[in-house]
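Engineer: Structure of the sequence below:
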Amino acid sequence: MMCEGGKIDWACHANDAASAIHDTRAFADAVQVAIDFAKDHADETLIVVTGDHETGGLTIGFAGTDYDTYLTLLESQKISFQKFDDEYTVAYRENGTAFEEALADIEALFGLKAEGEEGDKLVLTAYELEQLRMAFEKSVSGTETGVDAQAEYVMYGTYDPLSVTLTHILNNKSGISFTSYCHTGLPVAVLADGVNADEFNGYYDNTEIFNKMAEMLNVQ
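Structural biologist: Here you go, the predicted model:
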């Protein structure tokens with residue numbers, strides 16, 4: 001039996017760290033079901049948990065926060081990039097919503113605010129507010145950003161400019177960042193428990209997982 005947490009991949013492609021965390025926790029719940037099953041079938045169960053590749057290059061440590069991280073800020077995000085695109089950005093386009101009006105939604109859904117008390121790390125800097133305004137105008141009105149195509153791709157990838165800018169800002173305020181919208185060459189962990197789990201120690205090409213399992217099952 002195979003269970004895939006596919007939305008982890010989607011979220012990392014879009015650089016949406018908060019959604020990736022929620023989806024990983026949901027995947028962990030599925031793994032727990034397998035662990036509970038294995039308690040009663042220990043002599044015939046092998047659990048292998050891995051990924052087919054790393055996506056996005058998520059790392060702890062962002063230039064703007066030096067050595068500090070504020071990971072609890074990610075809890076301020078209440079909605080995934082996809083749901084925000086589908087329910088909010090679409091409505092902004094249809095209704096001709098003004099940026100100042102959208103800021104109320106952004107504060108409610110991402111915690112990011114145009115103003116607040118001194119020391120509130122979710123308050124947008126002048127630079128962040130300008131980046132957000134530019135992304136909003138690009139998403140809602142199709143206004144040109146004024147930067148060249150390569151710079152614009154680095155900012156937005158192939159994603160909606162508004163939502164990806166929101167997650168980028170929140171990520172960076174939290175002290176984390178992504179390096180790509182694509183798959184990366186980083187190694188992925190392979191975690192195994194149960195019958196023949198020792199076969200999954202060490203470093204190897206991911207295709208070896210198939211070979212190991214085929215041998216265990218006597219598949220020619």
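Engineer: Which positions within the longest helix that the chain contains qualify as buried?
Structural biologist: When the chain is parsed with DSSP state H, its longest helix is helix 17-40. Neighbour-count burial for helix 17-40, counted by 16 or more other Cβ atoms under 10 Å, picks out 17-23, 27, 34, 38. (C-beta placed from N, C-alpha, C; glycine too.)
Engineer: can you check stretch 125-143 too?
Structural biologist: Neighbour-count burial for stretch 125-143 flags 128-129, 131-140 (criterion: 16+ other Cβ under 10 Å).
Engineer: just stretch 203-213 next, same as before
Structural biologist: By neighbour count on 16+ other Cβ under 10 Å, the buried set for stretch 203-213 is 209, 212.
Engineer: Please tell me how far that stretch is from the chain's geometric centre.
Structural biologist: 26 Å (Cα atoms, centre = their mean, to the nearest Å).
Engineer: Give me the residues contacting it.
Structural biologist: For stretch 203-213, the external contacting residues (Cβ atoms under 8 Å, 6 or more residues apart in numbering) are 48, 50, 52-53, 187-188, 190, 196, 199-200, 219.
Engineer: repeat that for 6 Å
Structural biologist: Residues from elsewhere that reach stretch 203-213, judged by Cβ atoms under 6 Å, 6 or more residues apart in numbering: Glu199.
Engineer: all strands of the protein, in order?
Structural biologist: Remark: strands assigned in the chain by DSSP state E are 46-49, 54-55, 59-60, 176-177, 183-184, 191-194.
Engineer: what would those look like in TSV with mean pLDDT?
Structural biologist: Shown next, in TSV, are the strands of the chain (pLDDT from 0 to 100):
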stretch	mean pLDDT
strand 46-49	97
strand 54-55	96
strand 59-60	95
strand 176-177	97
strand 183-184	97
strand 191-194	96
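Engineer: Columns mean neighbour count on top of those, output as JSON lines?
Structural biologist: As requested, the strands of the chain are exported to JSON lines (neighbours: other Cβ atoms under 10 Å):
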{"stretch": "strand 46-49", "mean neighbour count": "17"}
{"stretch": "strand 54-55", "mean neighbour count": "20"}
{"stretch": "strand 59-60", "mean neighbour count": "10"}
{"stretch": "strand 176-177", "mean neighbour count": "20"}
{"stretch": "strand 183-184", "mean neighbour count": "16"}
{"stretch": "strand 191-194", "mean neighbour count": "15"}
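Engineer: so can I have CSV of the ones you listed showing distance to Cys3?
Structural biologist: As requested, those are exported to CSV (distance: least, Cβ to Cβ, whole Å):
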stretch, distance to Cys3
strand 46-49, 10
strand 54-55, 18
strand 59-60, 27
strand 176-177, 27
strand 183-184, 21
strand 191-194, 14
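Engineer: And those strands: which comes nearest Ile106?
Structural biologist: strand 176-177 (19.4 Å; Cβ to Cβ).
Engineer: Distance from that closest one to the middle of the chain?
Structural biologist: For strand 176-177, the distance to the chain centre is 10 Å (Cα atoms, centre = their mean).
Engineer: if we can go back for a sec, from the buried residues of stretch 125-143, which land in helices?
Structural biologist: Counting by DSSP H, the buried residues of stretch 125-143 contribute 128-129, 131-140 to helices.
Engineer: Using a markdown table, please lay out those together with distance to Ala151.
Structural biologist: Below are these laid out as a markdown table (distance: Cβ to Cβ, whole Å):
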| residue | distance to Ala151 |
| --- | --- |
| Glu128 | 17 |
| Leu129 | 19 |
| Gln131 | 12 |
| Leu132 | 16 |
| Arg133 | 17 |
| Met134 | 12 |
| Ala135 | 13 |
| Phe136 | 18 |
| Glu137 | 16 |
| Lys138 | 13 |
| Ser139 | 17 |
| Val140 | 20 |
